[in-house]
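[1] Need the 3D shape of this:
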Amino acid sequence: MSRFKLFTPLLWLLALLLAAWIFAQLPLATITQTIAALSWFQLVYWLGLNLVIILLCNRRWQLLNNVFGMYPGFGRLLLIRQAGQAVSFITPGPQFGGEPLQIYWLYRLCNLPLGKTILALGLDRFLELWINFSVLLLGLLIVLVYSAQELTGWPELIGVLLLLVALMFAMLWVLLRQPLWLGKKLQGLAQRWHQHPRLLLLESGFQAMGEQLRTAVRTQKAGLLQALLLSLVSWAMLLLDLWLVLRFAGINADLSAFLLVLVSMRLSMLLPLPGGIGTLEAALLWSLHSLGHPASAALGVIALMRMRDALVLGGSLWCLRLVQLRYKDTSNTKDTDLLTDGVLPG
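    You can find the predicted model right below:
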C-alpha cells in the first residue's frame, strides 16, 4: 500500500507535466474562441447527448441487475454509478478503480446480494470492454486498409487484427454459450475485489456465482441482449459525440481521418494515467497534425473535450458527496469518509 501511495502522486505529476508541456506548444488564445463560437443550441444539444450516454450506460447496469433478480431504483443506481466514476477518474489506469466502492454501496446501503451484485457489475464492465476493444480493433483494421499501400507487411498486420476481432466475438460467444466458465473467471475477479478494505468484512457468497450466471444466461437472454444493444447504441452516440466535437472545432474529417483520431484517442486512454491527462492531448495533437490540421484546431478539440470532462467529473463528485451524506453507515464510526486512505485499490 505504501508503494501505491507513492505511485499515485507520481503518475499524477507525470500526467500534469505532460499536459503542461503540450499546452505550452499550443496557441491558448484559441480556447475562448472555440467555445465562444458555439451557439446555445449546439452547446445544449452536445451536452444533452453526453447526458443521454450516461443514462443509457446506467440503464444497462440496471438491466443487468434485473437479470439477476435485483431491482434497484434508476436514480439511486445512477447516483452510485457516477460516484464510482469519480473515483475511477482519479485512479491511475484506464477508467477503473471505483468498482469495489460501487459493490460496497449496493451491498451495504441498498441491501443487494453481494455475489449477484459482483456478477452484474462484472458483466457491465465486460460488455463495456468488449465494445471498446471491438471498436478499437475494427477502427485499426479500417485505418490499415485505407493506408495499405503506404505500409510494408500490411497483410500480416491485417491478419493479426482480423484474428483479434474474431477473438472478441469468441468472447461474446463464451458469454452466451459457456457461462459456467465465465462465471469461474468472474469469481476470480470477485476474489481480488474482495480484498478491498471496504469489502473485507462483508459476507462471502462467491461459490454459487457460476451457477447463478448460467441460470441467468439460460432464462434471461432477452435482458442480456437488451444490455448488449444499449452498449452498441451508447457507442454509436460516442461516435456522434466525437464527430460533433470535430465539427465544432472546424474539422471536416472523412472516414479514415475520423477513425485515425478515434483510434489514437482510445489507445491513449489505455495508458495508466488518471483520466488520460496528457496522453489524450498528445494523441489529439499528433493525429490532427498528421492529418494536416493546425495546432489551433487540435487545441479547440482538446478544450471542448476537457470542458465536457470537467462538467461530468464535477457532477460525479457531487454524486459522491450525496452518497456520503445520504447513505453514511452510522453503525461504524470508522466509516466516515469514502475517500480516506485505503479506498483506492492497491
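[2] Which residue ranges of the chain form helices?
    2-24, 30-36, 40-67, 74-90, 99-104, 114-146, 154-177, 179-193, 209-219, 221-248, 255-268, 279-290, 295-327 (DSSP state H).
[3] Name the stretch among the ones you listed that sits most buried.
    Of all the helices of the chain, helix 99-104 has the most neighbours on average by mean count of other CB atoms under 10 Å, namely a mean of 24. In this view, the C-beta of every residue, glycine as well, is placed from N, C-alpha and C.
[4] CA atoms only for that one, dumped as CSV, please.
    Once non-C-alpha atoms are left out, helix 99-104 reads as follows in CSV (Å, rounded to 0.1, in the frame of the first residue of the first chain):
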residue,chain,number,x,y,z
GLU,A,99,-15.9,-0.7,-8.7
PRO,A,100,-15.2,-2.0,-5.2
LEU,A,101,-17.0,1.1,-3.8
GLN,A,102,-20.0,0.6,-6.1
ILE,A,103,-20.2,-3.0,-4.9
TYR,A,104,-19.9,-1.9,-1.3
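[5] Which other helices and strands does it contact?
    helix 74-90, helix 114-146, helix 179-193 (3 or more CB pairs under 8 Å, 6 or more residues apart in numbering; DSSP states H and E).
[6] right, and those - which one's nearest residue 260?
    Smallest distance to residue 260 across those (CB to CB): 5.6 Å, for helix 114-146.
[7] Give me the residue ranges of the stretch 151-300 of the chain where confidence is low.
    Residues of the stretch 151-300 of the chain that meet the criterion pLDDT under 70 lie in 151-210, 272-273, 275.
[8] make that the stretch 1-150 of the chain, sorry
    Ranges of the stretch 1-150 of the chain meeting pLDDT under 70: 1-16, 18-32, 92-97, 147-150.
[9] now residue 300: how far from residue 263?
    In this view, residue 300 and residue 263 are 20 Å apart by CB to CB, to the nearest Å.
[10] Export the helices and strands packed on helix 99-104 as TSV, with columns for distance to residue 320.
    Shown next, in TSV, are those (distance: least, CB to CB, whole Å):
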stretch	distance to residue 320
helix 74-90	4
helix 114-146	17
helix 179-193	19
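[11] quick one: which of those helices is nearest residue 292?
    Closest among the helices and strands packed on helix 99-104, once you apply CB to CB, is helix 114-146, at 15.4 Å.
[12] what helices or strands is the closest one leaning on?
    helix 40-67, helix 99-104, helix 154-177, helix 179-193, helix 209-219, helix 221-248, helix 255-268.
[13] just to revisit the earlier point, looking at the helices and strands packed on helix 99-104, which is closest to residue 237?
    When these are compared (using CB to CB), the closest one is helix 114-146, at 12.0 Å.
[14] what angle sits between the closest one and helix 255-268?
    Helix 114-146 and helix 255-268 are oriented at 140 degrees to each other (axes from the mean of the first three to the mean of the last three CA atoms, to 10 degrees).
[15] So that it lines up with my notes, have the first residue be 56 from now on.
    All set: I'll call the first residue 56, so the last point we hit is now helix 169-201.
[16] Look up the closest residue to residue 118, ignoring the ones flanking it.
    Distances taken as CB to CB, 6 or more residues apart in numbering put residue 282 closest to residue 118, at 4.7 Å, once the chain neighbours are dropped.
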